[in-house]
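Engineer: Take a look and give me a structure for this.
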Amino acid sequence: MIGSAAGSYTSGCLYSNMIGTYAGFKTYDSDQSTMIGGYAGFEASNSKNSIMLGHYAGHNANNSSYSTYVGYYAGKNRTADSNLIIKTSTTTSNGGASWADLDKDDVFDIAGMFNGVSEDTGDNPTTRQLRIGVPPDAVSDLSNICTSIKPKNASDVVLKLVPAASQTAAVMQTSRLSDGTAHEIINKDGYLRFPVAYFSDSADLYDAGGVSEANKIPKTEGSVCVASLAGDTFLAVVVGGTWYTTTDMTALHSR
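Structural biologist: You can find the predicted model right below:
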């Protein structure tokens, strides 16, 4: 304990470090925690194995074990475990992640730019939800979404993919099956690429890999592909669970 009144009136804080004026003041039951900065961990309680770094970081944090709070007033009044808050703003009214209730476990807020929930059961991840840009208004905004991006200004481009000067690989790919088969969505030049069907049976279209489940182009409503079959090339679209093709771009012909 280093600093004026650092660790004063503290109890149950075995193997904890408190550095700074009033750091860890009146803190209790917070073993193996580190509090560095003026008033860091001030009146924190039941916050074991946590890091509180910055002026008033972790102030009045209660039942907030396994958490990391960095920055001015980061983690103020939080009552949840496994939080990660890196705060760059100078506000004192909240300690970051203001979109989540103070008792919500497993939230993170990095500079107000990266927000979300990262939950684990033992060593197994159960929830991974990320918002980039403007923070969510509530935890419910993240439900059933792995990654979302929201701009601050209506005139901002939401997502721009910038390839290398001499890009040779696709700019964007997806993988439909667990075998990791790559499907190019945006080519190396930044243009949208439709899948190409070279094979068909009575109901389905298949890519260059041949007629197999792994190479089947899914019949999701509205899906589009280029079909090159029996010497003819045309666009194909799924409507009502059926592939339709056109050769003149005006009339659809059932296939």
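
Engineer: going forward, measure contacts between C-alpha atoms and count neighbours the same way
Structural biologist: Fine.

Engineer: could you measure Val158 against Val107, distance?
Structural biologist: As judged by C-alpha to C-alpha, to the nearest Å, Val158 and Val107 stand 24 Å apart.

Engineer: Could you check which of those two is surrounded by more residues?
Structural biologist: Neighbour count, other C-alpha atoms under 10 Å: between Val158 and Val107, Val107 has more, with 26 against 12.

Engineer: which residues does that one bridge with?
Structural biologist: Val117 (DSSP bridges).

Engineer: Please verify my assumption that it contacts Ala97.
Structural biologist: Yes - under the criterion of C-alpha atoms under 8 Å, Val107 makes contact with Ala97 at 7.3 Å.

Engineer: Common neighbours of the two, please.
Structural biologist: Asn115 (C-alpha atoms under 8 Å, 6 or more residues apart in numbering).

Engineer: how about the lengthiest strand in the chain: buried residues?
Structural biologist: In the chain, taking DSSP state E as the definition, the longest strand is strand 124-133. By neighbour count with 16 or more other C-alpha atoms under 10 Å, strand 124-133 contains the buried residues Thr127, Arg128, Gln129, Leu130, Arg131, Ile132, Gly133.

Engineer: would you put the C-alpha positions of it in CSV?
Structural biologist: Only the C-alpha atoms of strand 124-133 are listed here, as CSV (Å, rounded to 0.1, in the frame of the first residue of the first chain):
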residue,chain,number,x,y,z
ASN,A,124,-16.9,-22.9,-22.9
PRO,A,125,-18.1,-19.7,-24.5
THR,A,126,-21.9,-19.3,-24.4
THR,A,127,-22.5,-15.8,-25.7
ARG,A,128,-20.4,-13.6,-28.0
GLN,A,129,-22.2,-10.4,-29.0
LEU,A,130,-20.4,-7.3,-30.3
ARG,A,131,-21.6,-3.8,-31.3
ILE,A,132,-19.1,-1.6,-33.1
GLY,A,133,-19.7,2.2,-33.3
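
Engineer: And the average pLDDT for the next helix or strand after that strand is what?
Structural biologist: Next helix or strand after strand 124-133 toward the C-terminus (DSSP states H and E): strand 147-150. For strand 147-150, the mean per-residue pLDDT is 97.

Engineer: after strand 147-150, next one along is what?
Structural biologist: Assignment by DSSP H and E places the next element after strand 147-150 at strand 172-175.

Engineer: Just checking: what are the partner strands of that following strand?
Structural biologist: When DSSP bridges is applied, strand 172-175 pairs with strand 182-186 (antiparallel).

Engineer: State the distance from the most centrally placed residue in the chain to Asn144.
Structural biologist: Computing the C-alpha centroid of the chain and ranking residues by C-alpha atoms, centre = their mean puts Leu130 first, at 2.1 Å. Distance, Leu130 to Asn144, using C-alpha to C-alpha: 11 Å.

Engineer: re earlier: hang on, the residue nearest to the centre of the chain packs against Ser143?
Structural biologist: No - the pair formed by Leu130 and Ser143 falls short of the contact definition of C-alpha under 8 Å, at 10.1 Å.
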